[in-house]
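> what's the 3D shape of this:
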Amino acid sequence: MREWLARYRAEYPPAAGAATWPQPRLLATTGSTNTELADLLATGPLPEGTCVVAEHQSAGKGRQGRGWASPAGAGLWLSVVIDIAAVAPARRGLLPLAAGLAASDALTEVTGLAVLLKWPNDLVIDGPAPGGAPGPGKLGGLLVEAGPQAIVGCGINVSARVDELPTAGATSLALEGANEVDRGQLLAAVLCHLRRRVDQWRTGAGLIDDYRERCLSLGRQVVVSMPGGEILAGVATAVGADGQLGVTDSQGNTRSVAAGDVIHATI
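Numbers count the residues shown, from 1 in each chain. Below is the predicted model:
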């Protein structure tokens, strides 16, 4: 692990004057890496980049309050502390998009796979999933929890078999042809790219343009389940400067979606 981190820090050094992120803490098992960091943050602030990595999670956190368990050793499960105080409140909602881009950057670099993003930050491969769902196949996802400091949680299916995946729409790097991925290498790449994308998020330079290029949802027929239970169907036509998804219905009316579960509809 230290070897990979040293290599990636040499390739992607932090900005001049920036502090080095702490060495990640590896756990054999935990309920949730996000919860581990939240408990630590309850006692006071932590250095930015403080990271917890687990071989196994028994109560991982997903969006909309969903929970899930991860097979031991079959993936990369981590959470990282990010400082948000210096970022204007209007831009803080873009951190999940920046984190998704960072994970996509890392996965594509390490594996060569074309890892895209289903809005807002599901890590996906275009095409049917191995379990039989129409796709895209979900490699993993991110959950950002806000507070005085934010927690960026990331889960990636690395070597999981079809019978180990949580849903029929999921996939893994191994199932997509990326065999024998070194999780230490992948962790180092995620952390280095996360730091770069966090710097970009703070300045705002080109982040949304980069996200639009990587977002598989744009131009697709989608069905969005809104937090209050409303269902919105249409074409995903835009990602705004605020990160919201623009969905245009069959009548030509466009609505901006700040939160919701997106399904790519089949035609």
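> can you give me the helices for the stretch 51-200 of the chain?
89-92, 95-111, 183-203 (DSSP state H, counting those that start in this stretch).
> quick one: which of the ones you listed is nearest residue 24?
helix 183-203 (6.7 Å; CB to CB). Yep, even glycine has a C-beta here, placed from its N, CA and C like the rest.
> contacting residues around the helix or strand that the closest one is followed by?
As assigned by DSSP states H and E, the chain's next helix or strand after helix 183-203 is helix 207-214. With contact meaning CB atoms under 8 Å, 6 or more residues apart in numbering, helix 207-214 is reached by 94, 97-98, 100-101, 104, 116-117, 197, 200-201, 218, 239-241, 243.
> Just checking: what are the partner strands of the very next helix or strand once past helix 207-214?
Proceeding N to C from helix 207-214, the next assigned helix or strand is strand 221-225, under DSSP H and E. The strands beside strand 221-225 in its sheet (DSSP bridges) come out as strand 231-239 (antiparallel), strand 261-264 (antiparallel).
> circling back: do you know which of the helices of the stretch 51-200 of the chain lies nearest residue 252?
helix 95-111 (26.5 Å).
> Pick the most buried one from the strands paired with strand 221-225.
strand 261-264 (a mean of 18; mean count of other CB atoms under 10 Å).
> Can you report how many residues lie near the closest residue to residue 112 other than its chain neighbours?
Of all residues not flanking residue 112 in the chain, residue 178 sits nearest, at 7.2 Å (CB to CB, 6 or more residues apart in numbering). A count of nearby residues for residue 178, using other CB atoms under 10 Å, gives 19.
> Tell me if I'm right that residue 178 and residue 114 touch.
No. Under the criterion of CB atoms under 8 Å, residue 178 makes no contact with residue 114, lying 11.3 Å away.
> Which of the strands paired with strand 221-225 sits closest to residue 165?
strand 261-264 (17.3 Å).
> Next, format the helices of the stretch 51-200 of the chain as TSV and append distance to residue 143, mean neighbour count and mean pLDDT.
Shown next, in TSV, are these (distance: least, CB to CB, whole Å; neighbours: other CB atoms under 10 Å; pLDDT from 0 to 100):
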stretch	distance to residue 143	mean neighbour count	mean pLDDT
helix 89-92	15	12	94
helix 95-111	8	24	98
helix 183-203	14	22	96
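> And those: which comes nearest residue 255?
helix 95-111 (18.8 Å).
> could you list every residue that touches the closest residue to residue 194 other than its chain neighbours?
Residue nearest to residue 194 in three dimensions, not counting chain neighbours: residue 102, with 4.1 Å by CB to CB, 6+ apart. Shown in contact with residue 102 (CB under 8 Å, 6+ apart): 190, 193, 194, 196, 197, 198.
> redo that, cut-off 6 Å
Taking CB atoms under 6 Å, 6 or more residues apart in numbering, we find residue 102 in contact with 193, 194, 197.
> list the contacts for residue 170?
With contacts defined as CB under 6 Å, 6+ apart, the neighbours of residue 170 are residue 138.
> pretty sure the residue nearest to residue 112 contacts residue 110?
No. Counting by CB atoms under 6 Å, residue 178 sits too far from residue 110 to count as a contact (8.0 Å).
> which residue is nearest the middle of the protein?
Geometric centre of the chain, nearest residue: residue 142, 3.2 Å, by CA atoms, centre = their mean.
> What confidence value was assigned to it?
Looking at residue 142, its pLDDT stands at 96.
> cool, residue 239 as well?
98.
> so where's the stretch 1-150 of the chain shaky on pLDDT?
By pLDDT under 70, the low-scoring segments of the stretch 1-150 of the chain are 1, 59-69.
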